[in-house]
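Peer 1: Coordinates for the following, if possible.
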Amino acid sequence: MKIISANTNGIRAAAGKGFFDWILKEDLDVICIQETKAHEWQLSDPVFNPENYFRYFSEAQKKGYSGVAIYTKRKPDRVIKTLGFDLADLEGRYIQADFDDLNLSICSLYLPSGSSSELRQVEKIKFMGIYEKILQAQRNSGRSFIICGDWNIVHKEIDIKNFKSNQKSSGCLPEERAWLDKLLNPEKDKKEQWLDGFRVLNQEKDQYTWWSSRRKICWDNNIGWRIDYQMITPDLKNKIKKVEIYKAQRFSDHAPVLIEYELEGF
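Peer 2: The predicted model follows:
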């Protein structure tokens, strides 16, 4: 089963750059998209409704803003479009597809950025606090989870080119990285909570998923951040067969994160 997480920075813009052509060429099973910046009624062109895929959207109230989506070859048993609090639900930041016979949930998450203002950083921290409890409940539910998304946080020094100079930048703040560390690195004698699917197989440096579009030099010189993840429950660790950050084509300022799982029945 091939799954990607892709922040498209506008699904319509990405489509114009060949995003859906690539999906069909790769024969992807599940596509988790963040930052669609569109409502479903605006996506009537056939390019947005490829054959053999079901599609589901969680949309922001504000037009042209945020939004997440899941495209899947297999129809889910249910789709959940809310997390239960306004910052997530009114801004279209979460969607979950459940496949009950596999005891599996696949999610698309767009965690807020705090880079635009101090207020948004405060809101981001609030989101993280509420979402942590939801993650704990999901982890304890007995279901397998794959949470694809733009988490807007680097985890470790290896995940950002200029670590020292970004210590006061949203997305690289010590408290943000500590929050991810808490999710991914259990305390002594406690069971693993979540795993960074990409790092299960790839521990290399310079593996980035986002480059600032303000300066072309960032892409040209691989001055990036790794803020896009597939977070998984530990039971899926040995199911991962291949990981890749796809950079051969540019669909947005983010690169898709592709992971291939060995899961029967999908």
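
Peer 1: Could you tell me which residues within stretch 18-34 count as buried?
Peer 2: Within stretch 18-34, the residues scored as buried using 16 or more other Cβ atoms under 10 Å are 19, 20, 22, 23, 28, 29, 30, 31, 32, 33, 34. Where you see a C-beta, it was placed from the backbone N, CA and C, and this is true even at glycine.

Peer 1: just stretch 144-164 next, same as before
Peer 2: Buried residues in stretch 144-164, counting neighbours by 16+ other Cβ under 10 Å, are found at 144-155, 159-161.

Peer 1: out of those, who's nearest residue 121?
Peer 2: residue 152 (10.7 Å; Cβ to Cβ).

Peer 1: so where do the strands sit in the stretch 1-150 of the chain?
Peer 2: Applying DSSP state E, counting those that start in this stretch to the stretch 1-150 of the chain gives strands spanning 2-7, 30-34, 54-58, 68-72, 78-80, 94-99, 104-110, 144-150.

Peer 1: May I see those strands arranged in CSV, with mean pLDDT and distance to residue 180 as well?
Peer 2: As requested, the strands of the stretch 1-150 of the chain are exported to CSV (pLDDT from 0 to 100; distance: least, Cβ to Cβ, whole Å):
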stretch, mean pLDDT, distance to residue 180
strand 2-7, 98, 16
strand 30-34, 98, 17
strand 54-58, 98, 23
strand 68-72, 98, 20
strand 78-80, 98, 23
strand 94-99, 98, 17
strand 104-110, 98, 13
strand 144-150, 98, 12
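
Peer 1: now for these, which one comes closest to residue 248?
Peer 2: For residue 248, the closest of these is strand 2-7, at 13.4 Å, according to Cβ to Cβ.

Peer 1: Taking strand 104-110 as reference, get the angle to the closest one.
Peer 2: 20 degrees (axes from the mean of the first three to the mean of the last three Cα atoms, to 10 degrees).

Peer 1: what sits up against strand 2-7?
Peer 2: With contact meaning Cβ atoms under 8 Å, 6 or more residues apart in numbering, strand 2-7 is reached by 14, 19, 23, 26-35, 106, 108, 110, 146, 148-150, 210, 228-230, 246, 251-254, 256-261.

Peer 1: remind me, longest helix of this protein?
Peer 2: Criterion DSSP state H: the longest helix present in the chain is helix 118-139.

Peer 1: Can you point out the buried residues in it?
Peer 2: Residues of helix 118-139 classed as buried: 121, 123, 124, 125, 127, 128, 131, 135, 138, 139 (neighbour count, 16+ other Cβ under 10 Å).

Peer 1: repeat for stretch 59-77
Peer 2: Residues of stretch 59-77 classed as buried by neighbour count (16+ other Cβ under 10 Å): 59, 60, 66, 67, 68, 69, 70, 71, 72, 73, 74, 76.

Peer 1: contacting residues around that stretch?
Peer 2: Contacts to stretch 59-77, defined as Cβ under 8 Å, 6+ apart, come from residues 11, 23, 29-40, 50, 52-58, 79, 90-95, 97-100, 106, 108-110, 149, 266.

Peer 1: Specify the stretch among the strands of the stretch 1-150 of the chain that is closest to residue 220.
Peer 2: The nearest among those, by Cβ to Cβ, is strand 2-7 at 20.2 Å.

Peer 1: doesn't residue 143 make contact with residue 103?
Peer 2: Yes - in this structure residue 103 lies within contact range of residue 143 using Cβ atoms under 8 Å: 5.4 Å.

Peer 1: Compare the two (neighbour count), which wins?
Peer 2: Just comparing residue 103 and residue 143: by other Cβ atoms under 10 Å the higher neighbour count belongs to residue 143, 16 against 13.

Peer 1: Sweet, I'm off.
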